[in-house]
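K.L.:
Sharing a model prediction with you, sequence too.
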Amino acid sequence: MENLHHSRAGGFSLISKSRKLAASLQGGLWFALCVLLALSTPPAYSAAPATEKPPAQPTAPPSATPAQPSTPGSAATPVQVSAQGKKLLTLIEPIQREIQGKFDDLNARIAAMEVDAKVTSLRDSISGLSDSMKDSFSGVDGKISELRDNLNKLGQDTRGNTKSIEELKAKLEETAIRVYEHLLKGMERSAQLDKLTTRLDDLDALLSSRRPPPKASESANGPNDAKAKQTDDGKASGKNKPEAEESPKPASAAPVLRLPQQDFAPVGLLLATLLSYAAALGFGLLESARLERWALAPAGIRNLLVCTLTFLAYFTAGYWVMYGEFAATATTAYQDNGWREMFPLFQVGLAMVAGMAVATVLSDRLSMGAYLYMAAILAILVYPLFGHWAWASRGLVLGKGWLESLGFADFAGATVIHSVAAWFALAWAWRFPVTHADDGAAGGKEGDSPAGNPAHASLAVFVLWLAWLGLVTGQQEDDTRQTVALIVNTSLAMATAVLAAFIQELRSKRDDAAGEGLSHRLAYGAVSGLVAVSAAANGVTALEAVAIGLVAGLLQPLASKLLVTRVVKQDRQAADLIAALGFSGIWGSLCVGLLGTEGNFALPSLAQTGVQALGVAVAFAFALTSGLAAAFAWQWLSKLRTAKSIQPD
């Protein structure tokens, strides 16, 4: 800063000295000019008075100009410059102009120097300010760097603590699962002990009732007193009263034989499992209702192979994908013939329902290899993966899936089983469309005919009705308190859906409203009611179950018409069954939030409805994408196999 002040003072002193020098030069020049003029000017003469005769004027040189006479009262005569003075003035004028120009240039330079000095002063001020600001900012940068280092260190410590907490959380969860398993085993052992105790009590009562009545002496004095009297030395034998004199007490009535209290959960789950296996028969009958006679045998063989392959694939791999443990291990883990050992077999029945639903939708349009490939993909990957997202907590090994954690609820598989199967089959039906009209035109390869076996459709309804009772009641696991309510809700929804489909058929005024086509449409209406009530059968009242079935019965024909005209053209059977399984499954899943609240038709839960809509959308996207991927893969494999088969040896 001191150098800045010194440089600024030096600049101003230089400018002032330059100004003084210029002023001195200018004054000197003017002084020299005046001296030269004085030296070159002749003496002046005064004017004469008016009364006197002026003296004769001297003869002027030829080059001089004659003087003008002055009048009385006028000023003095102006100074006359001689020729030598004029010549001198002529010489001085260029010098004066040159000096004046240099003087002006000097003034301009002095002004520029002043501006430069000010600019330099301002630049120096700015430079000093910049230096001071740089010093200040360098200190702030150091503090910021130190703060950044501290934050990075704190973040590393936090991440380390978070990782440790996550590891501890995982260990706690694993420990909690193990403790829960041991508690379940302990509870089951306790229940078994209670059963054994009850059975022993009943057996003891039964044996007591069959024992001979005690003697009078034993009944009066007790067996121990009689024995003591008999072992006495006989000293008091005479003192004792004879046995005949003692009045015996009346014999008590024989105890009533009670049946031992049994745990009916394993028996109920076994019955539900057997009924769920009958769903495959119901779908087979539903398919045969639209097949011609020559197509029945191939369809039966295909359905048998699909069911067996689905059973094996899901039992060996699909159950592990869905619940995290192998089915063979789960069926022998407890060794008490309880419901837990029956649970894997029941789940296999649900997988068979999904496989048969897809095979029925794609009736008689693919090769046998395509059906087996499709059943394996569905049983190992598609159904178990979505089931894991929605039902993983029903097993003992894994926790809740991500959809179940959000609150998605599907009691008996309206979305998990039936909608997933419907959308998976829709992808295959779109990729492999039928090549014949829906009226069973002659010459078509497929055996689909609306006038096939209408009696089979009615029989299929009864079989599916019974099978659905097993599918719904089996979801209770070990809690059988809602069995009657589940049967009532399922039956009401199915019956209402059938009546709704019948009324809609009467209003449509079709030509076959009382013929073969009516039985098919009523059967699909029954399936739509059964599927719709599956999601909320445990959370709705009887009246709400009727409403669910009514809407499902009206929705199925509309959805089928939309599919026939837009997606699966000329394929009435696929459209009818996809509508009954897929769209009715959507409606039933939404009813969990709309009608699943407490009371008859209470205010719906919008939050739960939103979660249900999310689950439905995920099921649609996942199953449809998986079906398309599987269909394209099979088509590529078929082309590859065909190309290899036609190559020359």
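P.N.:
Alright, I've got the coordinates. The shown structure was predicted, so the numbers you read here are calculated from the model rather than taken from an experiment.

K.L.:
Walk me through the domains of this structure.
P.N.:
What automatic domain parsing lists as the domains of the chain is 1-39+82-175, 265-433+455-644.

K.L.:
do you know which of those domains lies nearest residue 205?
P.N.:
Residue 205 lies closest to domain 265-433+455-644 among the domains of the chain, at 24.5 Å (C-beta to C-beta). Placement of C-beta: from N, CA and C, glycine included.

K.L.:
so who does residue 348 touch?
P.N.:
Residue 348 makes contacts with 311, 314-315, 319, 327, as judged by C-beta atoms under 8 Å, 6 or more residues apart in numbering.

K.L.:
Stretch 110-125: which residues count as buried?
P.N.:
Applying a neighbour-count criterion of 16 or more other C-beta atoms under 10 Å, the buried positions in stretch 110-125 are 110, 113, 117, 121, 124.

K.L.:
now the longest helix belonging to the chain, how far from the centre of its chain.
P.N.:
Secondary structure of the chain read by DSSP state H shows that its longest helix is helix 83-210. In terms of C-alpha atoms, centre = their mean, to the nearest Å, the gap separating the centre of helix 83-210 from the centre of its chain is 32 Å.

K.L.:
I'd like the mean pLDDT over it, please.
P.N.:
For helix 83-210, mean pLDDT rounds to 78.

K.L.:
One more: stretch 324-333?
P.N.:
For stretch 324-333, mean pLDDT is 78.

K.L.:
how about that stretch: buried residues?
P.N.:
325, 327, 330-331, 333.

K.L.:
Could you list which of those residues belong to helices?
P.N.:
The helices, defined by DSSP H, take in 327, 330 from the buried residues of stretch 324-333.

K.L.:
Now tabulate the buried residues of stretch 324-333 in CSV and tack on distance to residue 406.
P.N.:
CSV is the format used below for the buried residues of stretch 324-333 (distance: C-beta to C-beta, whole Å):
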residue, distance to residue 406
325, 24
327, 27
330, 27
331, 31
333, 30
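
K.L.:
Below-threshold pLDDT in the chain: ranges please.
P.N.:
Counting by pLDDT under 70, the ranges of the chain that qualify are 1-82, 85, 202-203, 206-265, 333-339, 396, 435-452, 478, 509-516, 640-649.

K.L.:
hmm, back to that, is it possible to get JSON lines of the domains of the chain that adds distance to residue 197?
P.N.:
Shown next, in JSON lines, are these (distance: least, C-beta to C-beta, whole Å):
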{"stretch": "domain 1-39+82-175", "distance to residue 197": "32"}
{"stretch": "domain 265-433+455-644", "distance to residue 197": "16"}
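
K.L.:
Tell me which of those domains sits most buried.
P.N.:
With neighbours defined as mean count of other C-beta atoms under 10 Å, those peak in mean count at domain 265-433+455-644, which reaches a mean of 21.

K.L.:
got the contact list for residue 428?
P.N.:
The contact partners of residue 428, by C-beta under 8 Å, 6+ apart, come to 358, 361-362, 366, 374, 627, 630-631.

K.L.:
helix/strand/coil for it?
P.N.:
helix (DSSP: H, G, I helix; E, B strand; the rest coil).

K.L.:
on that earlier part again, relative to residue 187, which of the domains of the chain is closest?
P.N.:
Set against residue 187 and scored by C-beta to C-beta, these come closest in domain 265-433+455-644, at 9.9 Å.

K.L.:
ok, the buried residues of stretch 324-333 vs residue 392, which is closest?
P.N.:
Of all the buried residues of stretch 324-333, the one with the least separation from residue 392 (C-beta to C-beta) is residue 325, at 11.2 Å.

K.L.:
Phi, psi for that closest one please.
P.N.:
When read as degrees, to the nearest 10, the backbone of residue 325 gives phi -140, psi 160.

K.L.:
surely it meets residue 397?
P.N.:
Yes: judged on C-beta atoms under 8 Å, residue 325 makes contact with residue 397 at a distance of 4.7 Å.

K.L.:
before we move on, back to that, residue 433: which of the buried residues of stretch 324-333 is nearest?
P.N.:
Ranked by distance to residue 433 (C-beta to C-beta), the buried residues of stretch 324-333 are led by residue 327 at 36.6 Å.

K.L.:
got a list of what that closest one touches?
P.N.:
By C-beta under 8 Å, 6+ apart, the neighbours of residue 327 are 314-316, 319-320, 344-345, 347-348.

K.L.:
in the stretch 301-450 of the chain, which spans are helices?
P.N.:
In the stretch 301-450 of the chain, helices defined by DSSP state H, counting those that start in this stretch lie at 319-323, 327-330, 339-361, 368-377, 383-391, 402-406, 420-431, listed in chain order.

K.L.:
how about the fifth one as PDB, C-alpha atoms only?
P.N.:
Translated: helix 383-391. Extracted in PDB, the C-alpha atoms of helix 383-391 (Å, rounded to 0.1, in the frame of the first residue of the first chain):
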ATOM      1  CA  TYR A 383     -46.600 -68.300 -11.000                       C
ATOM      2  CA  PRO A 384     -43.900 -68.800  -8.200                       C
ATOM      3  CA  LEU A 385     -42.300 -65.400  -8.800                       C
ATOM      4  CA  PHE A 386     -45.500 -63.400  -8.500                       C
ATOM      5  CA  GLY A 387     -46.700 -65.700  -5.700                       C
ATOM      6  CA  HIS A 388     -43.500 -64.900  -3.900                       C
ATOM      7  CA  TRP A 389     -44.200 -61.100  -4.200                       C
ATOM      8  CA  ALA A 390     -47.700 -61.500  -2.800                       C
ATOM      9  CA  TRP A 391     -47.700 -64.700  -0.600                       C
END
